[in-house]
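Trainee: starting from these lines, generate the structure:
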Amino acid sequence: MSTVTHQADPVKRARLRWRARRGLLENDLMLTRFLDQHEATLTDDEVDAFSRLMELSDNDLMNLLLKSAEPTGELNLPSVIALISRLQSA
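Mentor: Down below sits the predicted model:
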């Protein structure tokens, strides 16, 4: 049984972009800019990390993106930390 990857499934790609829509304009702009530049090349691990970040409240996400907080708990993973770094430089 083969698993359909994020890149091969247009529904998964659309869902990721929809989840990136945020209440805080600053988050929305940063995430949209990042997806515009990198969505087509994201690995499944990066998509998983992105999805984990989308579970955060807008304020918690903004704190991570502005380096006001460090990822903790389930977010303290190499893939999530690497993605946060990429988001900060987008």
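Trainee: output the below-cut-off pLDDT ranges for this protein.
Mentor: Regions of the chain meeting the criterion pLDDT under 70 cover residues 1-9.
Trainee: kindly list the longest helix within this protein.
Mentor: helix 25-38 (DSSP state H).
Trainee: run through who's touching it.
Mentor: Counting contacts by C-beta atoms under 8 Å, 6 or more residues apart in numbering, the residues outside helix 25-38 that touch it are L16, R17, A20, R21, R22, D58, L61, M62, L65, R86, L87, A90. From N, CA and C alone the C-beta is placed, and that goes for glycine too.
Trainee: contacting residues around L83?
Mentor: By C-beta under 8 Å, 6+ apart, the contact list for L83 reads E46, A49, F50, L53.
Trainee: 6 Å instead, please
Mentor: Listed by C-beta atoms under 6 Å, 6 or more residues apart in numbering, the contact set of L83 reads E46, A49.
Trainee: so what's D45 up against?
Mentor: By C-beta under 6 Å, 6+ apart, the neighbours of D45 are S79.
Trainee: which of the three states applies to it?
Mentor: Per DSSP: H, G, I helix; E, B strand; the rest coil, the local secondary structure of D45 is helix.
Trainee: then the one 3 residues further on?
Mentor: Here D48 is recorded as helix under three-state DSSP.
Trainee: what's the neighbour count on it?
Mentor: Taking other C-beta atoms under 10 Å as the criterion, the count of residues near D48 is 15.
Trainee: great, nothing more from me.
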